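Colleague: okay, structure incoming, though there's no sequence with it:
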């Protein structure tokens, strides 16, 4: 009788040890899953660009990938060239790191440098940022005598013509009828619609589309 009791106790102890081993292995598996998730989120797509006068230039492969996706910049001679407003937009969105020589510059420093180069930079940037955030592709339109040309949603330059030409204006600035008529003539001659983007003190933009009407 004494030997039977001892055997029963030994069997119970063995069962307990098996259960504890199973619990330990499941905890380890959960920890491994959590670590793999953290490693995936660490991947970044930020690339370098160098400030050169009124342009930012990059040779990074990620710059070419970004051009293919959203037509940011212009490819010339194996490099991607960004206008000041494009560079400022990408810097604010943390897509790009800009260097002035060997020194990395932050967003505020870049804006102050850009404002010295372009007197109307902040107004232009507010409009550019707002249009881009709405999902439109914006490119410069200097050859048309305007600030920007805008492509309809889902359309990239080269696939179709731009739908609008855009003039950014600060809300307290004035415009003569002669200047307004000149902007209309530019839009009419390029077969595009005219957009006036009016920027207020807070950086918000209101748009007015102007069309020709024949009486």
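Modeller: Sure, I can see it. Predicted model, so just to flag it, every value in this text is computed and none were measured. Numbering: from 1, shown residues only.
Colleague: surely residue 122 is within a helix?
Modeller: Yes - assessed by DSSP: H, G, I helix; E, B strand; the rest coil, residue 122 belongs to a helix.
Colleague: burial check on the spatially closest residue to it that is not a sequence neighbour, number of neighbours?
Modeller: Closest residue to residue 122 apart from its sequence neighbours, by CB to CB, 6 or more residues apart in numbering: residue 115 at 6.2 Å. C-beta coordinates here come from the backbone N, C-alpha and C atoms, glycine included. Each residue near residue 115 was counted by other CB atoms under 10 Å, and the total is 14.
Colleague: can you tell me how far residue 115 is from residue 101?
Modeller: 20 Å (CB to CB, to the nearest Å).
Colleague: and the closest residue to residue 74 other than its chain neighbours, which of the three is it?
Modeller: Nearest non-adjacent residue to residue 74, counting by CB to CB, 6+ apart: residue 81, 5.0 Å away. Three-state assignment for residue 81 (three-state DSSP): strand.
Colleague: and the residue lying closest to residue 146 once chain neighbours are set aside, helix, strand or coil?
Modeller: Leaving aside its chain neighbours, residue 146 sits nearest to residue 165 (4.1 Å; criterion: CB to CB, 6+ apart). For residue 165, the secondary-structure state derived from three-state DSSP is strand.
Colleague: what residues are up against residue 165?
Modeller: 141, 144, 146, 148-150, 186-187, 190, 192-195 (CB atoms under 8 Å, 6 or more residues apart in numbering).
Colleague: which SS state does residue 207 fall under?
Modeller: strand.
Colleague: so what does whichever strand or helix holds residue 185 touch, helix or strand wise?
Modeller: Using DSSP states H and E, residue 185 sits in helix 177-189. Using 3 or more CB pairs under 8 Å, 6 or more residues apart in numbering; DSSP states H and E as the contact definition, the elements that helix 177-189 packs against are strand 164-170, strand 193-199, strand 205-210.
Colleague: now mean pLDDT and distance to residue 52 too, for these, in CSV please.
Modeller: Output for these, formatted as CSV (pLDDT from 0 to 100; distance: least, CB to CB, whole Å):
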stretch, mean pLDDT, distance to residue 52
strand 164-170, 94, 24
strand 193-199, 94, 27
strand 205-210, 94, 29
